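> pasting the structure only:
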DNA sequence: TGACACCGATGTGTGCAGACATCAAAACTC
DNA sequence: GAGTTTTGATGTCTGCACACATCGGTGTCA
């Protein structure tokens, strides 16, 4: 199946804007985009509407379609995140996601210990032990898969739909780490145990212990990654009154 | 200026879907929506495309426009949040936001202590002291305004654009609290001091102290609010493999 | 003469109507 | 039951009328 023209138009413009090829303030005309992408007006109009809802562009009569600065983008939109990960700002995006994850996961662990359904708790324990085995045996691909499953279950078990929604992005950061060669062949022994600690604390409903163990995992992964992206420039979003 | 038809169509359908009037699985036809909203096909199509990008509906040839379940919605989209706050699920949405905020703010305080630009640190200190004064004098509206400004500055100062983007939603939760009558006339004395502590810790670059003080604020507000929404049902989003 | 307010021309997004293309669900045939 | 045809919905294209922000010219007043 060839993806729809609508989808391709969004993808084309989205990657170019987020990638910086179309700088903020740049003005385009609908007609010009029709010619450029060789599609009809309706396709362009529908694509622009979507980009507008993501905060990537704004339309003004008599002016055209204006590209907005990054401070106006919706940084939580999965598409925007994907485009940023595919751009030069990949490092900065990974850092942002990692920081968000480091903040959220201990809180999610705490909530999961209080609210998660029983079957999920059991699965979490199983996965934690499987992770430990895979880590010991140096089965890197299987470990990565289990790692993603573990953290997905944790976020899902919190019962907070915003936490749960970060699953997809978390998977990105984890796979991103391996792509960047930041993943050792044998994960740190203590980190493996901490995963088990989180799972068992949740299983027995010990919120404080779950948070603490999760916090240890996060602090370790953060300190592990921080070296690689210290050179990434930070973006300060001005306060809108 | 009358808001555009496009905007009105999105608003109409968005509120109805998020509000539960159009249940998941419900199928609509573009032609039927044209008649119902008395607008042309292009308006409907552009609106549907936007709702599609928010995960509220999907379109299938030969079937129509199908409403998707809440687990498919983008819970971070400002519009979705706004519609949810206007619906029966207002309580659950406020709780989710409060939990997110409680997780993020201490992390943001830590980052701000390390990265925030100097002028922002100074402004933060000023606002913290102004808050304390306003709190002492029982100036509730002014206190609320300063409170929002304080937390906006904090999130913005973290240098993480995802944290910074939560400002708008945070403002909602704070104003939401007053609307719900959860705001005492005289804010708790210790909480006022903690705000000052956060600001001064950030000003002198003490990340650990900033986090601790912020964490105390969050724990207090959470325990304050938790009574009111314990009856709200939690939504567990299934893990997608 | 110069500054300023007004006003009409212009160009671009917005909204409308109708046509044909495409493709997957559903009905049909064997 | 498997394969084929039909059908009905979205996808795409096009021409047109309208709304309205911007720009430039015109007239008025100091």
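Perfect, I can see it now. Note that the structure is a prediction, hence the values are computed from the model and not measured.
> flag every residue of chain A that's near DNA strand D.
Contact residues (Cβ under 7 Å from any atom of the strand) of chain A with DNA strand D: A:4-6, A:39-43, A:60-63. To be clear about C-beta, it is placed using only N, CA and C from the backbone, and glycine gets the same treatment.
> ok, and of those, which contact DNA strand C?
The subset of the residues of chain A next to DNA strand D within reach of DNA strand C, by Cβ under 7 Å from any atom of the strand, is A:42, A:60-63.
> related to what we said a few turns ago, show me the residues of chain A next to DNA strand D that map onto helices.
Applying DSSP state H to the residues of chain A next to DNA strand D, the entries found in helices are A:5-6, A:41-43.
> if I look at the closest residue to residue A:124 other than its chain neighbours, how far off is residue A:167?
Nearest non-adjacent residue to residue A:124, counting by Cβ to Cβ, 6 or more residues apart in numbering or on different chains: residue A:199, 4.5 Å away. Per Cβ to Cβ, to the nearest Å, residue A:199 is found 17 Å from residue A:167.
> rewinding a little: counting neighbours, what do you get for the residue nearest to residue A:124?
As a burial measure, residue A:199 scores 27 neighbours (other Cβ atoms under 10 Å in any protein chain shown).
> list the buried residues for stretch A:78-98?
Buried positions in stretch A:78-98, judged by neighbour count with 16 or more other Cβ atoms under 10 Å in any protein chain shown: A:78-85, A:87, A:89-98.
> for the ones next to DNA strand C among the residues of chain A next to DNA strand D, pick the one with the most neighbours.
Of all these, residue A:42 has the most neighbours under the rule other Cβ under 10 Å, reaching 15 neighbours.
> you'd agree it is up against residue B:41?
No. Here residue A:42 does not reach residue B:41: they are 9.4 Å apart, not a contact under Cβ atoms under 8 Å.
> show me what contacts residue A:208?
Applying Cβ atoms under 8 Å, 6 or more residues apart in numbering or on different chains, we find residue A:208 in contact with residue A:110.
> in a helix, it, correct?
Yes. Counting by DSSP: H, G, I helix; E, B strand; the rest coil, residue A:208 is part of a helix.
> how close does it get to DNA strand C?
According to Cβ to the nearest atom of the strand, to the nearest Å, residue A:208 and DNA strand C sit 49 Å apart.
> just the pLDDT at that residue, thanks.
With respect to pLDDT, residue A:208 scores 97.
> swap in residue A:241?
At residue A:241, pLDDT is 66.
> do the same with residue A:95
Per-residue confidence at residue A:95 stands at 91 (pLDDT).
> ok and the longest helix along chain A relative to helix B:90-115, angle-wise?
Using DSSP H to define each element, chain A has its longest helix at helix A:90-115. Counting by axes from the mean of the first three to the mean of the last three Cα atoms, to 10 degrees, helix A:90-115 lies at 130 degrees to helix B:90-115.
> what's the spacing between helix A:90-115 and its chain's center?
Mean-position distance between helix A:90-115 and its chain equals 10 Å (Cα atoms, centre = their mean, to the nearest Å).
> from residue A:132, how far out is the residue nearest to the spatial centre of chain A?
By Cα atoms, centre = their mean, chain A has its centre lying nearest to residue A:169, at 2.4 Å. According to Cβ to Cβ, residue A:169 and residue A:132 sit 25 Å apart.
> pLDDT weak spots in chain A?
A:1-2, A:176-186, A:230, A:241 (pLDDT under 70).
> for it, just list every one of the helices.
A:5-18, A:30-37, A:41-53, A:78-85, A:90-115, A:118-136, A:140-157, A:161-165, A:167-179, A:189-203, A:207-229.
> save those as TSV, and put in distance to residue B:146 too.
Below are the helices of chain A laid out as TSV (distance: least, Cβ to Cβ, whole Å):
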stretch	distance to residue B:146
helix A:5-18	35
helix A:30-37	44
helix A:41-53	32
helix A:78-85	32
helix A:90-115	24
helix A:118-136	41
helix A:140-157	34
helix A:161-165	26
helix A:167-179	33
helix A:189-203	38
helix A:207-229	30
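> how about the ones you listed, which one is nearest residue B:50?
Smallest distance to residue B:50 across these (Cβ to Cβ): 4.7 Å, for helix A:41-53.
> which other helices and strands does that closest one contact?
Taking 3 or more Cβ pairs under 8 Å, 6 or more residues apart in numbering or on different chains; DSSP states H and E as contact, the helices and strands that helix A:41-53 lies on are helix A:5-18, helix A:30-37, strand A:57-60, helix B:41-53.
> how about these in CSV, adding distance to residue B:102?
Below are these laid out as CSV (distance: least, Cβ to Cβ, whole Å):
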stretch, distance to residue B:102
helix A:5-18, 30
helix A:30-37, 44
strand A:57-60, 33
helix B:41-53, 29
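> hey, which of the ones you listed is tucked in deepest?
helix B:41-53 (a mean of 21; mean count of other Cβ atoms under 10 Å in any protein chain shown).
> that helix versus helix A:78-85: what angle between them?
Angle, helix B:41-53 to helix A:78-85, by the same axes, to 10 degrees: 70 degrees.
> can you list contacts of helix B:41-53?
Residues from elsewhere that reach helix B:41-53 (Cβ under 8 Å, 6+ apart): A:6, A:42, A:45-47, A:49-50, A:53-54, A:79, B:5-6, B:9-10, B:13-14, B:17, B:30-31, B:33-34, B:37, B:57-59, B:65.
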